[in-house]
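> no sequence on hand, only this structure:
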């Protein structure tokens with residue numbers, strides 16, 4: 001099985017024949033080219049406005065230029081709405097999982113809104129592919145909206161173990177357009193053969209059985225439940241990214257150093273990677289971890305947490 005075929009079977013059981021809602025069916029998919037062009041021209045503006053790491057609402061109601069709303073909107077995640085001047089195409093773009101907190105996007109509500117406003121839905125699944133959902137197909141499978149999401153972008157370099165490369169799944173017309181217009185596709189070298197072989201085999205394993213995905217879910221909840229019972233605060237819900245919230249940047253760094261002395265390698269995250277006052281140690285559960293590995297890690301957290309007064 002080729003990597004392209006494996007990814008198509010894994011990520012698009014519905015999308016190969018998917019049609020958008022009736023209002024969108026009249027709009028040529030080639031209009032996606034306008035969205036891509038606008039985004040390419042506006043990336044610097046978005047970064048300069050401080051939106052690259054945060055969440056914002058971005059709209060364009062008066063022309064092709066995107067106006068950036070710099071307000072943060074509290075703790076709630078805002079989603080990227082792009083409205084082209086002609087309204088030929090509306091595109092809702094969101095992460096499936098927000099990686100720093102392990103939050104899952106409310107895709108059912110997003111799809112409801114998209115259908116209400118005749119929009120397509122685009123999700124980035126880099127932190128969901130391979131382990132979220134009953135068979136590891138991602139957030140849209142987990143939330144039962146695979147037939148309502150039109151475009152999925154993801155990576156081969158995280159859970160699939162390929163270390164490089166990625167893919168986009170969507171309507172055939174869009175994929176043909178990307179092959180002609182996408183800069184990363186046009187100006188990148190081909191993936192190394194070992195990466196292709198590794199990623200293809202990973203997808204084949206996920207297609208053959210749900211054992212890996214179910215194992216990941218069980219290991220994740222083992223760590224989260226045991227850490228919570230010990231008195232730690234773990235952000236997110238049911239995601240293998242398990243941020244141990246500490247608040248203080250120095251504390252996160254010192255605890256990570258002490259964890260390494262106990263044989264557990266974890267990283268402390270603090271501003272500007274995360275907001276001030278939201279420092280954490282970000283733990284990532286892997287299919288390769290055993291129950292003994294997880295229990296040992298929890299014990300190390302308990303020991304260092306007591307040392308630094310995080311728990312009693």
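Structure's in. What do you need? These numbers were taken from a predicted model, which means no experiment stands behind them. Numbering: from 1, shown residues only.

> quick one, helices of this protein?
With DSSP state H, the ranges of helices along the chain come out as 3-11, 22-25, 32-48, 107-116, 139-142, 172-181, 183-186, 193-208, 211-230, 249-261, 291-307.

> looking at these, which one is packed in the most?
helix 139-142 (a mean of 24; mean count of other CB atoms under 10 Å). The C-beta positions use only the backbone N, C-alpha and C, and glycine is treated the same way.

> which of the helices of the chain has the lowest mean pLDDT?
Within those, the stretch with the lowest mean pLDDT is helix 22-25, showing a mean of 38.

> in stretch 268-282, what's buried?
By 16 or more other CB atoms under 10 Å, the buried positions in stretch 268-282 come out as 268, 269, 270, 274, 278, 279, 280, 281, 282.

> quick one: average confidence on that stretch?
Average pLDDT, stretch 268-282: 93.

> where's it relative to the chain centroid, distance-wise?
Relative to its chain's centre, stretch 268-282 lies at 18 Å (CA atoms, centre = their mean, to the nearest Å).

> surely residue 91 is in contact with residue 118?
No. Contact criterion CB atoms under 8 Å: residue 91 and residue 118 do not qualify, at 11.0 Å.

> these two: which is more packed in?
Applying other CB atoms under 10 Å to residue 91 and residue 118 shows that residue 91 carries more neighbours, namely 21 against 17.

> can you check the pLDDT for the more buried one?
So, for residue 91, pLDDT stands at 85.

> do the one 5 residues further on as well
Residue 96 is assigned a pLDDT of 93 by the prediction.

> ok, it - contacts?
Contacts for residue 96 were tallied using CB atoms under 8 Å, 6 or more residues apart in numbering; they are 104, 105, 107, 123, 124, 125, 127, 128, 132, 138, 139, 140.

> how's the protein carved up into domains?
By the assignment in automatic domain parsing, the chain contains the domains 3-208, 211-307.

> phi, psi of residue 264?
Here the main-chain torsion angles of residue 264 (degrees, to the nearest 10) amount to phi -120, psi 120.

> how much space is there between it and residue 115?
As judged by CB to CB, to the nearest Å, residue 264 and residue 115 stand 46 Å apart.
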